[in-house]
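In: Here is a sequence with its predicted model. Questions after.
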Amino acid sequence: MSDSMKKLIDLFLSRHRFAFAGVSSNPKDFSRVLYKEFVNRNYDIIPVSPRSFEIDGIKTVASVKDIESKPDAVLIMTSPEITDRIVKDCAKTGIDLVWMYRGAGKGAVSESAVRFCRENN
């Protein structure tokens, strides 16, 4: 891992209130395991999913545009096609830090979303 990548990860993790776009309604899904781990580490996570459900009493919001008090960042765990829309919503709402989660394969990473982020800081 490059030093610049480590700095970006550290910057993201220093923001303790962020939206989690693409968190699953399935409690056994990896996104839910990751969500719980962030909560256990005292992060204030806003779950984002177009399907309305609750995670431990916290209701999901349909879009980052629907979050009442702007989060510090957004973690994206969606398909690349959905990532494109999310990064544009982030720009419209003034959220300037996103992490496109890449597990195996492409993950949430979309070349057009990466390009949009670079063009819009």
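Out: Arrived safely, thanks for sending.
In: just so I have it, where are all the strands in the chain?
Out: Counting by DSSP state E, the chain has strands at residues 17-21, 44-48, 54-55, 58-59, 73-76, 98-100.
In: same for the second one, what does it pack against?
Out: Contacting strand 44-48 under the criterion 3 or more C-beta pairs under 8 Å, 6 or more residues apart in numbering; DSSP states H and E are the following elements: strand 17-21, helix 30-40, strand 58-59. For glycine as for every other residue, the C-beta is placed from the backbone atoms N, C-alpha and C.
In: what about these, which gets the closest to Gly107?
Out: helix 30-40 (10.9 Å; C-beta to C-beta).
In: I'd like the average pLDDT over the closest one.
Out: When pLDDT is averaged along helix 30-40, the result is 95.
In: Mind listing what's buried along it?
Out: For helix 30-40, burial by neighbour count (16 or more other C-beta atoms under 10 Å) applies to Ser31, Arg32, Leu34, Tyr35, Phe38, Val39.
In: residue contacts, the last one?
Out: Residues in contact with Val39, defined by C-beta atoms under 8 Å, 6 or more residues apart in numbering, are Ile45, Asp56.
In: 7 Å instead, please
Out: By C-beta atoms under 7 Å, 6 or more residues apart in numbering, the contact set of Val39 is Ile45.
In: isn't Cys90 right up against Val64?
Out: Yes: between Cys90 and Val64 there is a contact under C-beta atoms under 7 Å: 5.8 Å.
In: picking up where we left off before, among the strands of the chain, which is nearest Ile9?
Out: Closest approach to Ile9 among the strands of the chain is made by strand 98-100 (7.9 Å; C-beta to C-beta).
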